[in-house]
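# any chance you could fold what I've pasted below:
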Amino acid sequence: MGVSRRPSAIRVEIGELVLDGFRADPAHVSAAFERELTRLVRLHGVPLAAHGALTVDALSRLAPLPAGLSARRLGQELARAVHEGLSGHGEVTP
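All right, here's what the predicted structure looks like:
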């Protein structure tokens, strides 16, 4: 019997998303963000946490996003940017 290397559960907790300069409805952005981040974590996992639990206070130096995106697209792009940070791209502040 082999040992599974995939965790039985992945928990990503986002304390706050700050959206300065965007006109999109925050509730719709949040819903799209949650759906896309859930999809990405299920598909790719959280590479920075591959060797155990990880707590990150902030992700920075992520790609800028255009201000005119729809709420759905903004949420998706934010989720992709956060997942990129959790994949080892960008600057992580533990």
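# quick one, helices of the protein?
Using DSSP state H, the helices of the chain run over 26-44, 71-86.
# in stretch 67-74, what counts as buried?
69, 71-74 (16 or more other Cβ atoms under 10 Å). (Each C-beta comes from the backbone N, C-alpha and C, glycine too.)
# so which of the residues you listed would you say is closest to Arg39?
Checking the buried residues of stretch 67-74 against Arg39 with Cβ to Cβ, the nearest one is Arg72 at 13.2 Å.
# I'd say that closest one and Ser30 touch.
No - with contact defined as Cβ atoms under 8 Å, Arg72 does not reach Ser30; the gap is 11.1 Å.
# run a quick neighbour tally on the nearest residue to Glu77 once chain neighbours are set aside.
Spatially, and ignoring its direct neighbours in sequence, Glu77 is nearest to Leu65 (5.2 Å; Cβ to Cβ, 6 or more residues apart in numbering). Neighbours of Leu65 under the rule other Cβ atoms under 10 Å: 16.
# now Gln76
Around Gln76 there are 20 residues (other Cβ under 10 Å).
# ok, it to His83 distance?
The spacing between Gln76 and His83, counted by Cβ to Cβ, to the nearest Å, is 11 Å.
# mind checking how far Arg11 is from Pro64?
Arg11 is 28 Å from Pro64, by Cβ to Cβ.
# cheers, nothing more for now.
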